[in-house]
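Chemist: from the sequence below, what's the structure:
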Amino acid sequence: MGDKTYTITSPVMGTFYRSSAPGEKFLVEEGQAITPSDIICVIESMKIFTELRSEQAGIIKKILVENEDPVMKNQALIEIEPN
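Modeler: This next block holds a predicted model:
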């Protein structure tokens, strides 16, 4: 992807969620602007929910995983174009 994007990866093996709770709207969408510390997704592993936050401001370029998909540790989840 070059140096114009950075990728959020999963810190643990678990289940990827795009919202904070069932039935709630997704935390981010492709094309959305985000700021540092925005929650962008949640990973559930062994009944522990980990909120992943953006490290910098940018635009969500691509969401690489479907909601509720299983993910592996270090798997790419979301590409962000810094601004």
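Chemist: and A57, what's its pLDDT?
Modeler: On the pLDDT scale, A57 is placed at 96.
Chemist: going forward, the N-terminal residue is numbered 443.
Modeler: With the count now opening at 443, the last piece we talked about shows up as A499.
Chemist: now do the same contact list for Q498.
Modeler: Y448, P478, I522, P524 (CB atoms under 8 Å, 6 or more residues apart in numbering). All C-beta spots, glycine's among them, are computed from the backbone N, C-alpha and C.
Chemist: need phi/psi at it.
Modeler: phi -150, psi 170 (degrees, to the nearest 10).
Chemist: thought G473 was touching G500?
Modeler: No - taking CB atoms under 8 Å as the definition, G473 is not a contact partner of G500, at 11.3 Å.
Chemist: about what we covered before: so of the contacts of Q498, which ones are in strands?
Modeler: Y448, I522, P524 (DSSP state E).
Chemist: can you pick the most crowded of the residues you listed?
Modeler: Tallying neighbours with other CB atoms under 10 Å puts I522 at the head of the ones in strands among the contacts of Q498, with 21 neighbours.
Chemist: what pairs with that residue across the strands?
Modeler: Counting by DSSP bridges, I522 forms beta bridges with Y448, I502.
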